[in-house]
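> Mind folding the following:
(chains A and B)
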Amino acid sequence: MQKIPLMLAKAGMVLARDVFRGDSPVGMPICGKDTVLTDALITRLDQMDIQTVCVEGHPVWEEGERTFDELLQNLDRRFEKSRQEPLNSMLYDIYKAYLAKSMGG
Amino acid sequence: MEDKRSELKKIIMDTRTLPTLPNVISKLNALSDNDKASVQEMARIVSSDQVLSARILRLANSPSYGFYRVSTISNAMILLGVNVVKSLALSSSIFAIMEKNSVGLWEHSLGVGVAANLLARKLGLPECEEIATAALLHDIGKVIVSLKCSEAAKEILGLTNERQIYTMEAEREVIGTDHAEIGGWLAKSWFLPDKLSEPIAFHHDVDKSLNHRIKTSVVHIADVLIKASDFGNSGDRYVPVIQKIAWDTLKLDEQIMTELVAEIEDKLIEVRNFSLEMLGE
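Below is the predicted model:
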């Protein structure tokens, strides 16, 4: 999941969270999670003054952002001293799978 | 080494320079232990501290609670519950001490607080708020080390980088004790209840926690998770070994952990925005 400014949202992206009016999670969502964005919908959200949306995967790359390989290298380094322990090894695998999923892999 | 430790304990426990908890918290603690105290009395004490009042109102009105327009402290206390207000009072004054010192450590503590809260709720444990507060405070000993012995703190940092060891090991070598034990001393000197001081003192030695092992286990696991997630900066670059006793106490398994990691990461996106906002204030 990635939180992006609405101006970078494109048709075809999938909402990972409900969108609420005024960014406040109280009251009725104006657009549900799992909705596929269309140009018309993005314009509509823009008119309702929505600033950011959370979308599935990792569709937008910002400058200076770390790639999946870099994140994985950092993860390896953090687990360097403890990965031989079975429970830590399990946690390592969980994080690795999470990173892969969140980066859209 | 033993001399060094007791000498250090003396320095650290020197009450003239020890960071003190604001008066309002000790009064609140005394009152809430007394069954006859009314919410109105407590609200009056809280109201005497304007910063704390503002934070409580802000929390009560925040979207995550979903209440609307709470404008008095006594209403906020009724809605949030006295324990939440106490935790908030405690953690906001800790933050005041912490924030100035180290943003990275503050973020780490905030992350562990969030993770502990999610884990405690997931397991359906009682007193989630207390567990979250203990988690927020678990590294308070590190703040004390850097406040009271800044030379030693530099040496510890140097040693962890040079020899690539855990902060804990470096602390024991340089100052003869470690941040968990120091945090425990501090919690005792603040007269915090055992359910807070035990998780602080034993989050790296869960087996030594005798009365509140479940809470200590949650804080330990939350600390490991936040270090694995690379959120904030605890000073440690390596993920600690998960203690089997904590894992067994909480009856964790792979599925719980997989769900928990996703929930924590999801929540941390919000926390990151929140901490940026706090820093910008």
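
> What ranges does chain A have for its strands?
Using DSSP state E, the strands of chain A run over residues A:2-5, A:19-20, A:29-31, A:52-55.

> how's chain A carved up into domains?
With domains defined by automatic domain parsing, chain A comprises A:2-55, A:68-102.

> I'd like the strands of chain A laid out as TSV, including mean pLDDT, distance to A:Thr38 and mean neighbour count.
Where C-beta positions appear, they are placed from N, C-alpha and C, glycine not excepted. Shown next, in TSV, are the strands of chain A (pLDDT from 0 to 100; distance: least, CB to CB, whole Å; neighbours: other CB atoms under 10 Å in any protein chain shown):
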stretch	mean pLDDT	distance to A:Thr38	mean neighbour count
strand A:2-5	83	16	16
strand A:19-20	85	14	18
strand A:29-31	85	11	15
strand A:52-55	86	13	19
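
> Looking at those strands, which is nearest to chain B?
Nearest to chain B among the strands of chain A is strand A:2-5 (5.8 Å), distances taken as CB to the nearest CB.

> Please list the residues of chain B that sit near chain A.
When proximity is defined by CB under 8 Å from any CB of the partner chain, chain B lies next to chain A at B:63-64, B:66, B:68, B:164, B:166, B:224-225, B:227-230, B:237-242, B:244, B:247, B:254, B:257-258, B:261-262, B:265-266, B:269.

> which ones among those are found in helices?
B:224-225, B:227-229, B:244, B:247, B:254, B:257-258, B:261-262, B:265-266, B:269 (DSSP state H).

> Now list the buried members of those.
Among these, those classed as buried by 16 or more other CB atoms under 10 Å in any protein chain shown are B:Val224, B:Leu225, B:Lys227, B:Ala228, B:Ser229, B:Trp247, B:Met257, B:Thr258, B:Val261, B:Ala262, B:Glu265.

> Which residue is the nearest non-sequential neighbour of the second one?
Same thing as B:Leu225. Spatial nearest neighbour of B:Leu225, chain neighbours left out: B:Ala115 (5.0 Å); criterion: CB to CB, 6 or more residues apart in numbering or on different chains.

> surely the one you found meets B:Leu136?
No: look at B:Ala115 against B:Leu136 with CB atoms under 8 Å: they stay out of range, at 10.9 Å.

> In chain A, where is pLDDT below threshold?
Applying pLDDT under 70 to chain A picks out residues A:22-27, A:63-64, A:104-105.

> Pull up the residues of it that are close to chain B.
A:1, A:3, A:24-26, A:54, A:74-75, A:77-82, A:85, A:87-88, A:90-92, A:94-95, A:97-98, A:102.

> Need the winner for burial among the domains of chain A.
Here the criterion is mean neighbour count by mean count of other CB atoms under 10 Å in any protein chain shown, and of the domains of chain A the winner is domain A:68-102, at a mean of 16.

> pLDDT weak spots in chain B?
Short version for chain B, where the test is pLDDT under 70: B:1-2, B:14-22, B:32-35, B:63-68, B:92-101, B:273-281.

> for the longest helix anywhere in chain A, packing partners?
Counting residues, the longest helix found in chain A (DSSP H) is helix A:86-102. In terms of contacts (3 or more CB pairs under 8 Å, 6 or more residues apart in numbering or on different chains; DSSP states H and E), helix A:86-102 is packed against helix A:68-78, helix B:213-229, helix B:254-280.

> Of those, give the one that comes closest to A:Val36.
helix B:254-280 (20.5 Å; CB to CB).
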